[in-house]
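**Student:** Fold the stuff below for me.
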Amino acid sequence: MWLEPWQNLWVDNQFFEELLTNVCDRLTKEATSSTPRIAKNSDELEAFVREALVNEYAKQGQILILQPKVQEFPDVVIAPFGIEIKHTQKNTWVSIANSIRESHRPVGVAQIYIVFGKYGGDPEVRWGLYENVVNHARTSHVPRFQIDMNAKESFFQKMGTSYVDFSIMPMKQKMAFMRTYARSRRHLVKDFWWLEDDLRPFDSLALSERRKLIAEVCFLVPRIITESQESLARAAFYLASTPRVLSHQMLNDFRSIRTNSNGVDGALKNGLMTLQELEREIILASEVTVKGVVKEFWGVEIEKADRLMYFVTKIDEMFTAVPKPSATLFGGRFSPRKT
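**Tutor:** Residues are numbered from 1 along each chain as shown. The predicted structure is shown next:
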């Protein structure tokens, strides 16, 4: 029989968990065989898991058609179940998980499992119930869960709630839980600067203010056009510490300002298009940003009259091809070729 992912409601937890056990045993044996089959990254591991799932269903006389890979949480959906894939080349069962926001979780996924491929040390693939292996909450530029496949107590048990209840809370209520968690562990407070009560959500602001703030972020953190984790974290720190704005998804908020990428491929080229759209706002940011903030982010004191020149120089350094961005940014008036 043909089986669509959303037609699996008859599958109970015991059946599905036995299936996951078979999948993980198979992938572990493949990884430890005389000719090991090793997943190099999470995408490759996901492909292995999908293949193994199809084969396991075939043993039951069923043809499973999985949805194509999409950028959502969890990675694989066989409703009412979802599977999040985690992969590491290190000898550890600990990994960063998804954002507490879970904005991309599809409707119809009631139970989520983790399939974790550990390819450092003695390779092994395990599964676990998501709510049992989330053991901690941490942040870089967004609040995220941490998973530990050997967790003795889950984050939700520590907080006296369930994952089901937490997942359906409004974001404001989730953040209240996160504040309580951080303050109960004093060594974490310094990492949770974004948890103050008076922060305004970025996506609640008017478009004009969002554009202004992203322009300030671009001006102070030019490397944000690379979309690196470090630059996104610094950008989120600026928004939370100065204009008192909370970005739950800094990467998405940065990209949201760009109205049209015209199919351009690559973060740098798309980031440059964002700068071009925000030229007026960036000029304003260069004029009004106080000296202390500029020095904090740039590491040097630059007079207002020289800030745009310095900024464009930093952008040029990220590009190897010619002509450099300075040839077109701000009408090319800061290009070193300008005579």
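
**Student:** low-scoring stretches of the stretch 51-200 of the chain, by residue?
**Tutor:** Scanning the stretch 51-200 of the chain for pLDDT under 70 picks out 70-71, 103, 139-142, 183, 185-198.

**Student:** Let me see the ranges of the strands in it.
**Tutor:** 63-64, 76-78, 81-88, 94-99, 111-118, 124-129, 134-139, 143-148, 200-201 (DSSP state E, counting those that start in this stretch).

**Student:** which of these sits most buried?
**Tutor:** For the strands of the stretch 51-200 of the chain, the largest average neighbour count (mean count of other Cβ atoms under 10 Å) is found in strand 111-118, namely a mean of 23. C-betas here are computed from N, CA, C, even on glycine.

**Student:** quick one: that one to strand 124-129, angle?
**Tutor:** Computed by axes from the mean of the first three to the mean of the last three Cα atoms, to 10 degrees, the angle separating strand 111-118 from strand 124-129 equals 160 degrees.

**Student:** helices and strands around strand 111-118, which ones?
**Tutor:** helix 13-31, helix 42-59, strand 81-88, strand 124-129, helix 130-133 (3 or more Cβ pairs under 8 Å, 6 or more residues apart in numbering; DSSP states H and E).

**Student:** if we look at the fourth one, which residues are touching it?
**Tutor:** Yep, that's strand 124-129 we're talking about. Identification of contacts with strand 124-129 by Cβ atoms under 8 Å, 6 or more residues apart in numbering yields 17, 20-21, 23-24, 27-28, 31-32, 45, 83, 93, 111-118, 147, 149.

**Student:** so what are the domain limits for the protein?
**Tutor:** 2-168, 200-332 (automatic domain parsing).

**Student:** related to what we said a few turns ago, with distance to residue 162 added, can I get the strands of the stretch 51-200 of the chain in a markdown table?
**Tutor:** Compiled in a markdown table, these are given as follows (distance: least, Cβ to Cβ, whole Å):
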| stretch | distance to residue 162 |
| --- | --- |
| strand 63-64 | 29 |
| strand 76-78 | 21 |
| strand 81-88 | 17 |
| strand 94-99 | 17 |
| strand 111-118 | 12 |
| strand 124-129 | 12 |
| strand 134-139 | 11 |
| strand 143-148 | 14 |
| strand 200-201 | 25 |
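
**Student:** Go ahead and confirm residue 30 touches residue 39.
**Tutor:** No - in this structure, residue 30 is not within contact of residue 39 by Cβ atoms under 8 Å, at 9.4 Å.

**Student:** Which one's more surrounded, the two?
**Tutor:** Ranked by neighbour count (other Cβ atoms under 10 Å), residue 30 and residue 39 place residue 39 first, with 22 against 17.

**Student:** from memory the more buried one sits against residue 119, does it?
**Tutor:** Yes - taking contacts as Cβ under 8 Å, residue 39 lies within contact range of residue 119: 6.6 Å.

**Student:** rewinding a little: format the domains of the chain as JSON lines; extra columns: distance to residue 182.
**Tutor:** As requested, the domains of the chain are exported to JSON lines (distance: least, Cβ to Cβ, whole Å):
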{"stretch": "domain 2-168", "distance to residue 182": "8"}
{"stretch": "domain 200-332", "distance to residue 182": "14"}
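
**Student:** which stretch among these comes nearest residue 177?
**Tutor:** Evaluated over the domains of the chain, closeness to residue 177 peaks at domain 2-168, with 5.9 Å, by Cβ to Cβ.

**Student:** Tell me where the stretch 201-339 of the chain has strands.
**Tutor:** Going by DSSP E, counting those that start in this stretch, the stretch 201-339 of the chain shows strands at 245-246.

**Student:** With distance to residue 181 added, can I get the helices and strands packed on strand 111-118 in TSV?
**Tutor:** Formatted as TSV, the helices and strands packed on strand 111-118 follow (distance: least, Cβ to Cβ, whole Å):
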stretch	distance to residue 181
helix 13-31	28
helix 42-59	27
strand 81-88	21
strand 124-129	20
helix 130-133	16
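
**Student:** Let me know which of the ones you listed is the nearest to residue 268.
**Tutor:** Among the helices and strands packed on strand 111-118, helix 42-59 comes nearest to residue 268, with 21.7 Å by Cβ to Cβ.

**Student:** what helices or strands is the closest one leaning on?
**Tutor:** Going by 3+ Cβ pairs under 8 Å, 6+ apart, helix 42-59 lies up against helix 13-31, strand 63-64, strand 76-78, strand 81-88, strand 111-118.

**Student:** Pull out the buried positions in that helix.
**Tutor:** 42, 45, 46, 48, 49, 50, 52, 53, 56, 57 (16 or more other Cβ atoms under 10 Å).

**Student:** which one among those residues gets closest to residue 244?
**Tutor:** Closest to residue 244, out of all of the buried residues of helix 42-59 and judged by Cβ to Cβ, is residue 42, at 35.1 Å.

**Student:** Now do that closest one against residue 86, distance only.
**Tutor:** Applying Cβ to Cβ, to the nearest Å, the value for residue 42 to residue 86 is 7 Å.
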